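Undergrad: need a structure here:
(chains A and B)
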Protein chains: 2
Amino acid sequence: MLSADHQKLYALEMGIDTHQEPVVFMRADCNVCKAEGFTANARIQVVADGRSIIATLNVVNTNVLPKNHIGFSVIAWQRLDLQPNDLVHVRHAPTLTSMSAVRKKVYGHQLSAKELTAIIADISAHRYSDIEIASFLTACAGDRLNEQEILALTQAMVACGQKLSWSDHQPIFDKHCIGGLPGNRATPIIIAIVSAAGLIIPKTSSRAITSPAGTADTMEVLTRVNLTLEEMRQVVAHTHGCLAWGGAVNLSPADDIMIRIERTLDLDSEGQLIASVLSKKIAAGSTHVLIDLPVGATAKVRTEQQAQRLIQLFEQVGAASGLVVRCVITDGSQAVGWGVGPVEEARDVLAVLKNLPEAPQDLRDRALFLAANLLSMAHNKPIEQARLEAEEILSSQRAWQQFKMICEAQGGLKLPLPIAEYQKTMTAQKSGVLVSMDNRRVARLAKLAGAPFSPVAGLRLAVKIGDIIQQDQILLTLFAASKGELAYAEAYYSSHLDMLLIQ
Amino acid sequence: MLSADHQKLYALEMGIDTHQEPVVFMRADCNVCKAEGFTANARIQVVADGRSIIATLNVVNTNVLPKNHIGFSVIAWQRLDLQPNDLVHVRHAPTLTSMSAVRKKVYGHQLSAKELTAIIADISAHRYSDIEIASFLTACAGDRLNEQEILALTQAMVACGQKLSWSDHQPIFDKHCIGGLPGNRATPIIIAIVSAAGLIIPKTSSRAITSPAGTADTMEVLTRVNLTLEEMRQVVAHTHGCLAWGGAVNLSPADDIMIRIERTLDLDSEGQLIASVLSKKIAAGSTHVLIDLPVGATAKVRTEQQAQRLIQLFEQVGAASGLVVRCVITDGSQAVGWGVGPVEEARDVLAVLKNLPEAPQDLRDRALFLAANLLSMAHNKPIEQARLEAEEILSSQRAWQQFKMICEAQGGLKLPLPIAEYQKTMTAQKSGVLVSMDNRRVARLAKLAGAPFSPVAGLRLAVKIGDIIQQDQILLTLFAASKGELAYAEAYYSSHLDMLLIQ
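TA: Reported below is the predicted structural model:
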């Protein structure tokens, strides 16, 4: 009855970008709107030729939309795969039964695997509104998920996406850094070293969540990263490694949707973190995973105790999922390398790979330490011996040759690096010693300058903790792609001078 | 620099109703958009002639908006108080520092009065996006706020709204029901009784949050409820009471904003509940408040234990705020009266006030019990004696005369009641005894039929728990203002027949 022809509407693309939340537009005087009793912000189901989406309704004045038409935001139009004037019909969105489970979690109860699976299936099918996702993420934030729930969440995320499989008989390696350190771009160097040593490491990375750059953002400066699964297979068959963006292969679509809201709310959740990391590793077909946890007062993990709790969860949930997981704790007191932001981090990566004199020593050391851990896991050899092997591969330019080969296989190495149109140096207001660095504020500064959305945006540090600073000495250079962003970053820096604390 | 004239844009009302969240629309190729580095869904500040709002950005195609123009949703246009082609300028929304406090709460820490005040001030100034409000509400849901936080939240809500004051020397009464019982519309009867007895009771009520009707929705069927403060004063001066909608006098604007999101998420929060109720009572200038807590398996308060915890919080937070609070526990096992939905509940209210034979006995008893408690509080007399007084006022038609006088003072009694265009009776599938009623499903059924947005929508029960039911006997009648809603409610009823459990 609800799909009777006289209740159908003609589809019109409104050209309005509502980001990930699908929105449809209906006239207040529309018969269908009145018959169904729709009000502004109602959640409705739109059906076209058997396909359907859930969308949020915006009611519009009669002059915005012709009679008997329904407007679609960009994402709603794409998801429903419409052509202009396609006939669609609409109804109230079906009751979202999994929201009862979200409420159960909000009130502090444990969720069953079945309940978490239902929530994740609904989220990955785009049935949740942004505020519903925000509520779910908030309810799971901090340490509110226990080990069983995290395992169930991990498996639910794997279940709703694509799963890759590689050779059946060879171990598949992966690494992940918990993040929180601006400029920490060791991954491209590590992949080059260990794949040169013969390990199979088909690396998929995410874009930035709350940081100024993710590995995918930095690699995108240097080569193509949105590889299809088939392209990834070819690159790995040829080079043993790859450096692709995970989102293009749809490994954990629910995670990609949730990360967008987590980014906006700037929330951390232990359970979401473990599930997000491990679900992508499992879906990517990994068997051996190295997890790097930088610990520092302003890093994502602030204390040794918090790190130990995460390590325990990673190992337990990993083991229950059939993964070999090794966790290492690293120094998280300050930014790594000199550059922060996609292009500036790529500059540091290239300097280390090419063994240039200006290469940041801390980034080099970190990459070698982590590569050594992977080699040690792979060949069951002592870490000291693995470290010498990694060092030899890097110093001999074999890692650089390997990196170029991977980039060529992904579509070519894009050089030279672009340069930001707007730059400004910030200098020390007094002399002294740089005693601490606020990673969060440095990251925020780079984001205000436009990173990662503008790849050239960010900053380049000129100092490290312990350096003796002279008044008027350059502390950092800001880079931006627009005047507004440069001014905004500069204003933020000026009102938070203690992000680089000189005493 | 950011307000230089060449960066200004011409304002255009887009005629798009985005409900409470202000949205602005900018062209992707707009110089200001590019210069500021705005992306879809960014939060931006829009300034016009000294006034400013924070809004969410939707980026639009070039054909949707003329060059150098910026579009506004209905609410954004209203809040910024614009005229067509007013010049406005835009910048990144300032960092919302109170969101750090929200995150602190998300992670389970206690918030200080200062932090809660900052959050509530930002929410009431419309600086939070919907997902930020959703996160705050979720973080405070269940029992996550302690007594100190609830007190601080209450006072913060009072501080950001208007505060009424009445006579300095006379006690000002109020009552509140925690809700959860469909059809429970005792308030209009109680106000009529106790104001006839001389108590000053300037009642402001809310609209429905998650129920099919609030007292304001039902009273709106009978008279004008959106009174200004001055109008309320006149009505109270004349009659000792009023039955107004609280939102029109801006008593707790933050609460009104949050309730909209709570409604969507269907969340309950002990702390938000106490703060929401008491802040409105304090702001309304009350000195003596009666709180009714219906307890039942499917009521809002499910156990005696939960009720006792709420009572303790109400009394403690009330006392700390200078209020005399009395709490009473009532039966919450089933719907009250016969009607559910604004018009059908008004029908029951009128029947009780007029002492008609069809008046629902349970609604009458409940109203008398609560009125007696108010009279007992006021005159410090035993409850039995107060009950006799209340009974006399109701039976003698004095309450009905009083109710008519209040409605006349508010703008006139609107009679006869309207009737829904679409109706359908639901009959028993088997014989037996009605052993239980699921309040939540009955409420949901009335909401699916269109209540409270369509005042005539809802349902009328024909049975009570304990009744002996014959097969094919009418159990209830559904009322709707549209065919779609009637069909939707019918489908829900058919798939949840056990909401009226016959055994």
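Undergrad: how about the strands in the stretch 101-250 of chain A?
TA: Secondary structure of the stretch 101-250 of chain A (DSSP state E, counting those that start in this stretch): strands located at A:173-177, A:201-205, A:241-245.
Undergrad: helices along the stretch 351-500 of chain A, start to end?
TA: All helices of the stretch 351-500 of chain A, identified by DSSP state H, counting those that start in this stretch, fall at A:361-379, A:383-395, A:398-410, A:439-448, A:483-495.
Undergrad: so which bits of the first one are buried?
TA: The reference is to helix A:361-379. A:362-364, A:366-378 (16 or more other C-beta atoms under 10 Å in any protein chain shown). Yep, even glycine has a C-beta here, placed from its N, CA and C like the rest.
Undergrad: on that earlier part again, got the strands of the stretch 101-250 of chain A as JSON lines, with mean neighbour count, mean pLDDT and distance to chain B columns?
TA: Compiled in JSON lines, those are given as follows (neighbours: other C-beta atoms under 10 Å in any protein chain shown; pLDDT from 0 to 100; distance: least, C-beta to the nearest C-beta, whole Å):
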{"stretch": "strand A:173-177", "mean neighbour count": "25", "mean pLDDT": "95", "distance to chain B": "22"}
{"stretch": "strand A:201-205", "mean neighbour count": "26", "mean pLDDT": "92", "distance to chain B": "21"}
{"stretch": "strand A:241-245", "mean neighbour count": "26", "mean pLDDT": "95", "distance to chain B": "18"}
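Undergrad: can you list those strands in CSV and add distance to residue A:341?
TA: Below are those laid out as CSV (distance: least, C-beta to C-beta, whole Å):
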stretch, distance to residue A:341
strand A:173-177, 17
strand A:201-205, 16
strand A:241-245, 17
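Undergrad: nearest to residue A:445, of the ones you listed?
TA: The closest approach between residue A:445 and any of the strands of the stretch 101-250 of chain A, judged by C-beta to C-beta, belongs to strand A:173-177 at 20.6 Å.
Undergrad: about what we covered before: wait, which of the helices of the stretch 351-500 of chain A is closest to chain B?
TA: The minimum distance between chain B and the helices of the stretch 351-500 of chain A falls on helix A:483-495, with 3.9 Å, by C-beta to the nearest C-beta.
Undergrad: and the helix or strand that comes right after the closest one, what other elements does it pack with?
TA: Tracing the chain past helix A:483-495, the next element assigned as helix or strand by DSSP states H and E is strand A:500-502. Applying 3 or more C-beta pairs under 8 Å, 6 or more residues apart in numbering or on different chains; DSSP states H and E, one finds that strand A:500-502 contacts strand A:432-437.
Undergrad: show me the contact partners of the strand it packs on.
TA: Outside strand A:432-437, the residues within contact range by C-beta atoms under 8 Å, 6 or more residues apart in numbering or on different chains are A:297-298, A:333-335, A:463-469, A:499-503.
Undergrad: do stretch A:299-308 as well
TA: A:178-181, A:268, A:293-296, A:310, A:329, A:332-333, A:439.
Undergrad: how about that stretch: buried residues?
TA: Quick answer for stretch A:299-308 (16+ other C-beta under 10 Å): A:299-301, A:306-307.
Undergrad: same question for stretch A:252-264.
TA: Within stretch A:252-264, judged by 16+ other C-beta under 10 Å, the buried ones are A:252-262, A:264.
Undergrad: stretch A:459-479 close to chain B?
TA: No. Using C-beta under 8 Å from any C-beta of the partner chain, stretch A:459-479 never reaches chain B; the gap is at least 12.5 Å.
Undergrad: tell me the buried residues in the lengthiest strand in chain A?
TA: As assigned by DSSP state E, the longest strand anywhere in chain A is strand A:51-60. Neighbour counts over strand A:51-60 (16+ other C-beta under 10 Å) mark A:52-60 as buried.
Undergrad: in JSON lines: those residues, plus pLDDT.
TA: Below are these laid out as JSON lines (pLDDT from 0 to 100):
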{"residue": "A:52", "pLDDT": "92"}
{"residue": "A:53", "pLDDT": "92"}
{"residue": "A:54", "pLDDT": "92"}
{"residue": "A:55", "pLDDT": "93"}
{"residue": "A:56", "pLDDT": "91"}
{"residue": "A:57", "pLDDT": "91"}
{"residue": "A:58", "pLDDT": "89"}
{"residue": "A:59", "pLDDT": "88"}
{"residue": "A:60", "pLDDT": "89"}
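Undergrad: restrict those residues to contacts with chain B.
TA: Among the buried residues of strand A:51-60, the ones lying near chain B by C-beta under 8 Å from any C-beta are A:58-60.
Undergrad: tell me the one of these nearest chain B?
TA: Taking C-beta to the nearest C-beta as the measure, chain B lies nearest residue A:59 of those, at 4.3 Å.
Undergrad: surely that closest one and residue A:44 touch.
TA: No. Contact criterion C-beta atoms under 8 Å: residue A:59 and residue A:44 do not qualify, at 11.2 Å.
Undergrad: return every residue with contacts to both of these two.
TA: With C-beta under 8 Å, 6+ apart, residue A:59 and residue A:44 have common neighbours residue A:38.
Undergrad: nearest to chain B among the contacts of stretch A:299-308?
TA: residue A:268 (7.9 Å).
Undergrad: enumerate every residue touching the closest one.
TA: Counting by C-beta under 8 Å, 6+ apart, residue A:268 has contacts A:141-142, A:300, B:107.
Undergrad: got phi/psi on it?
TA: When read as degrees, to the nearest 10, the backbone of residue A:268 gives phi -110, psi 140.
Undergrad: one more: residue A:223?
TA: phi -160, psi -180.
Undergrad: and it, how far is that from chain B?
TA: 24 Å (C-beta to the nearest C-beta, to the nearest Å).
Undergrad: again, but for residue A:145
TA: 13 Å.
Undergrad: for the nearest residue to that residue once chain neighbours are set aside, grab the count of nearby residues.
TA: Nearest residue to residue A:145, sequence neighbours excluded (C-beta to C-beta, 6 or more residues apart in numbering or on different chains): residue A:271, at 2.8 Å. Close neighbours of residue A:271, defined as other C-beta atoms under 10 Å in any protein chain shown, add up to 24.
Undergrad: so residue A:271 sits against residue A:150, correct?
TA: Yes. Between residue A:271 and residue A:150 there is a contact under C-beta under 8 Å: 4.6 Å.
Undergrad: how about the helices in the stretch 151-300 of chain A?
TA: Going by DSSP H, counting those that start in this stretch, the stretch 151-300 of chain A shows helices at A:187-196, A:215-222, A:229-239, A:253-265, A:270-283.
Undergrad: of those helices, which shows the lowest average pLDDT?
TA: In terms of average pLDDT, helix A:253-265 trails the rest of those, at a mean of 84.
Undergrad: elements contacting that one?
TA: Where contact means 3+ C-beta pairs under 8 Å, 6+ apart, helix A:253-265 is packed against helix A:113-124, helix A:130-140, helix A:147-159, helix A:270-283, helix B:130-140.
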